[in-house]
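Student: Next come a sequence and a model predicted from it.
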Amino acid sequence: MKDGLIFENDSPVYYRDGKPYHAGAINVDDAIYYINSQGYAVKGYHTVHPETCNNILKPGTYFFGDDYRLDIDASEPRKKTKEENKAQNKKRLISLVACLVLLIAIILVVGELMQHAYTPPLPSETPDSTVIPENTAESESVAATESIAETESVTEPVGIVLPDFSEEILLCSEESKKEYDGQITMREAVQSGNPYRPFLFDYHLPDSSGILRLSEYPEMTDARAYDLPAVSSSISIDNLKTDTAYYYEVLVDEETYTGSFRTAPSTRFVSIPGSENVRDIGGYVNKDGKKVKQGILIRGTELDGLINASYVLPHEEVDTVLDTFAFVYDLDLRGSYIYDGVYTSPFHISHQFYDAPSYAQIFQYAHWGTLHRIFTDLADPAKYPMYLHCTWGQDRTGTVIFLLQGILNMYEEDMIREYELSGYKNSTLIGNPELELIISGLEPYAGETLNEKIISYLTFTIGITDSQIASIRSIFLEE
């Protein structure tokens, strides 16, 4: 059974009882590593919180080198020099150019092979005089057989080709995956742009069109169907769950071809037309080893354009979004003052304005009633699946989700990371001191951990009951 720090593919992974373990700061052979919630040692800048210091480091932000180590005497983070940044950028540029050259070479080689494979043989010249062999019938038979064989070798069609899913499917950018695994910092990851990636199903159907059926269950329960036009093509499928096994059937000419694949563990970024900064808060594993369910709560921006005219869900996309997420409640953290009249959610589902506070405002008496309404509704199973948002999906949304994750007993670093993922839209949110105002404001409350202090705040100040806390955990956490 694996135990302790083990190097796998040059990356240190920490195991306990045979499973990757969130160990926090560890000292191995006089070298300090930091093990994140996925069990990987991190590189680059990383914030070490009190509950994961393990009396090895003081709380703060540290720099871990390319060898994943921190000098045992280091007490301050080291900033990258201009020369290091230039070298890193140069390395990325060289890699990009090399990839482009390789791609062009592959395209040229494939084109040449295709030309040779499908060029018909030139007709032979007809001689002025024909010599008839003695055994004419036999010769004609041989010639006919050779002609048929030659024709078949040239015109034989390529059969049905379906993808080979030998590796896990990545549903985010490579940089986002590296950040998720602790190999680069959030600040480095957000420079790569939009982290969302759809699932691509490549195939070749030479004669007939087909149907792809996709399900999370081997019995193909609740399978979704997608059209596969004839000939070679690729279809793009949005919003699959991460770290999930999928099973598929391809139906062609009354024949059924089956297969399966698995998506890689990562943040589940979501694509909803007319929006950005949208993601599922599921997929995390809490301190009790329980996983947060995906598909329960999607957080994002407004979709009606009342504040930002570019955030509008096209009417023709509403059914597609609802078919994917099955939202039943629109929890709108904006104030009702932004709309004069009877408001209808873009999804045409139950909706409520809350006029929610953000950051240190949660400690002001004037907002406690609002927070009570919000968490009372978050404890109602009938309101899920839910779309929760404000205008930009970052400040009010980030504050409410931060408190919600405290109820779910999440690791503090994952709670901060979830907030900072909005840095893909607004990089100033990374290391935002306003989030620290929430953490410092909770300090007087009872409890040894941040999670316990959030529970104390919500129960004693906001008035959320133990049964409501239990209901929220039941809604979000897998058994």
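Tutor: The structure has been received and is ready for your questions. Computed from a predicted structure; not experimentally measured.
Student: what about the helices in the stretch 101-250 of the chain?
Tutor: 136-155, 174-180, 186-190 (DSSP state H, counting those that start in this stretch).
Student: And the last one, what's buried?
Tutor: The reference is to helix 186-190. 186, 188-190 (16 or more other Cβ atoms under 10 Å). For every residue, glycine as well, the C-beta is placed using N, CA and C.
Student: Make JSON lines out of these and add pLDDT and distance to residue 170.
Tutor: Formatted as JSON lines, those follow (pLDDT from 0 to 100; distance: Cβ to Cβ, whole Å):
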{"residue": "186", "pLDDT": "96", "distance to residue 170": "18"}
{"residue": "188", "pLDDT": "95", "distance to residue 170": "18"}
{"residue": "189", "pLDDT": "96", "distance to residue 170": "14"}
{"residue": "190", "pLDDT": "95", "distance to residue 170": "17"}
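Student: sorry, back to before: where among the helices of the stretch 101-250 of the chain is average confidence lowest?
Tutor: Lowest mean pLDDT within those: helix 136-155, a mean of 40.
Student: Find the residue ranges of the stretch 1-150 of the chain scoring beneath the pLDDT cut-off.
Tutor: 45, 71-99, 109-150 (pLDDT under 70).
Student: which stretches of it form strands?
Tutor: 4-8, 11-16, 19-20, 24-28, 31-35, 44-48, 60-64 (DSSP state E, counting those that start in this stretch).
Student: which outside residues touch stretch 361-373?
Tutor: 354-357, 399, 403, 438, 441, 458, 461-464 (Cβ atoms under 8 Å, 6 or more residues apart in numbering).
Student: Output the residues you listed in TSV; the columns should cover distance to residue 17, pLDDT and neighbour count.
Tutor: Output for the contacts of stretch 361-373, formatted as TSV (distance: Cβ to Cβ, whole Å; pLDDT from 0 to 100; neighbours: other Cβ atoms under 10 Å):
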residue	distance to residue 17	pLDDT	neighbour count
354	43	98	20
355	47	97	15
356	41	98	24
357	42	98	21
399	36	98	24
403	32	98	22
438	34	97	24
441	37	97	15
458	33	98	24
461	39	98	15
462	38	98	19
463	40	98	14
464	35	98	23
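Student: Tell me which residue lies nearest the centroid of the chain.
Tutor: Residue closest to the mean C-alpha point of the chain, counted by Cα atoms, centre = their mean, is residue 268 at 3.0 Å.
Student: quick one: it and residue 293 touch, right?
Tutor: No. Look at residue 268 against residue 293 with Cβ atoms under 8 Å: they stay out of range, at 11.1 Å.
Student: Touching both of the two, which residues are there?
Tutor: residue 282.
Student: what's the distance between the residue nearest to the centre of the chain and residue 349?
Tutor: 21 Å (Cβ to Cβ, to the nearest Å).
Student: before we move on, what about residue 384?
Tutor: From residue 384 to residue 349 the distance is 12 Å (Cβ to Cβ).
Student: tell me, what's touching the two both at once?
Tutor: In contact with both residue 384 and residue 349: 328-329, using Cβ under 8 Å, 6+ apart.
Student: I figured residue 347 was touching residue 317, is that so?
Tutor: No. Under the criterion of Cβ under 8 Å, residue 347 makes no contact with residue 317, lying 10.5 Å away.
Student: the more surrounded of the two?
Tutor: residue 347 (19 against 14; other Cβ atoms under 10 Å).
Student: thinking again about what came up before, which one of the strands of the stretch 1-150 of the chain lies nearest to residue 223?
Tutor: Taking Cβ to Cβ, strand 19-20 is the member of the strands of the stretch 1-150 of the chain nearest to residue 223, at 31.6 Å.
Student: follow-up on the earlier one: which one of the buried residues of helix 186-190 is nearest to residue 199?
Tutor: Closest to residue 199, out of all of the buried residues of helix 186-190 and judged by Cβ to Cβ, is residue 189, at 20.8 Å.
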